[in-house]
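# after the sequence you'll find the predicted model.
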Amino acid sequence: MRMTPTSTLLLAAALCIPASASGQVLEPPRADGSSVLTYAKWGALGAAVSAGVVGFIAHSDADGLFDDLEALCEGDPARCAVDGNGRYLDPALESRFREVLSADSRARTALIVSQVAVAAAVAMFLLDLGGDPGPDNVPYDPDRGFGFRNGADGRTEVVYVVPWGGF
């Protein structure tokens with residue numbers, strides 16, 4: 001089954017909508033650290049990829065249709081005469097040329113949508129970077145475990161410190 005660019009874009013947009021559409025405000029991060037922005041950035045990236053694929057397929061279709069039109073004109077140049085407005089005199093060839101223009105327009109639209117979605121995804125990825133105030137407060141005990149120690153003579157040693165006596 002072949003999807004049209006419109007249905008692909010609608011599917012990509014539907015995937016970006018959260019399950020509960022009642023409160024679509026940016027929420028504070030949840031207990032697990034996720035937020036709506038965390039999921040929206042991936043949805044925008046998926047929409048960008050989807051629209052890009054649709055655009056490249058439509059571009060390939062337009063190229064194939066134009067190649068067919070050129071082959072017809074190479075075989076019978078008299079059939080490819082155009083009027084003063086640049087339209088083919090043969091209605092079948094004019095119809096084929098309109099199909100080429102339509103496929104090219106679909107490709108251009110899908111690729112522009114893809115670029116806008118990439119820009120939105122990049123913006124959301126950057127916004128999501130600033131949401132974390134810092135690392136968790138994990139206790140660190142420098143007096144236990146593996147580590148490095150600089151000696152007085154300038155050498156670096158790998159050491160393992162064993163806690164002794166709970167001091």
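Now that the structure is in, tell me what you want to look at. Numbering: from 1, shown residues only.

# please make it C-alpha for all contacts and neighbour counts, starting now.
Fine.

# what is the burial count for Ala103?
Residues near Ala103, counting by other Cα atoms under 10 Å, number 21.

# so for the helix or strand harbouring it, mean pLDDT?
Remark: Ala103 resides in helix 91-129, with elements defined by DSSP states H and E. When pLDDT is averaged along helix 91-129, the result is 92.

# what residues of that helix count as buried?
93-94, 96-97, 99-100, 103-118, 120-122, 124-125, 128 (16 or more other Cα atoms under 10 Å).

# cool, and stretch 48-58?
Going by 16+ other Cα under 10 Å, stretch 48-58 has these buried residues: Ala48, Val49, Ser50, Ala51, Gly52, Val53, Val54, Gly55, Phe56, Ile57, Ala58.

# next one: stretch 63-80
Those would be Leu65, Phe66, Leu69, Cys80, for stretch 63-80 by 16+ other Cα under 10 Å.

# same list (these) but as TSV, adding secondary structure.
Output for those, formatted as TSV (DSSP: H, G, I helix; E, B strand; the rest coil):
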residue	secondary structure
Leu65	helix
Phe66	helix
Leu69	helix
Cys80	helix
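
# doesn't Leu37 fall inside a strand?
No - going by three-state DSSP, the assignment for Leu37 is helix, not a strand.

# what is the burial count for it?
20.

# surely it and Met124 touch.
Yes - with contacts counted by Cα atoms under 8 Å, Leu37 reaches Met124, the gap being 6.8 Å.

# give me the common contacts of those two.
Residues touching both Leu37 and Met124 do not exist when contact is defined as Cα atoms under 8 Å, 6 or more residues apart in numbering.
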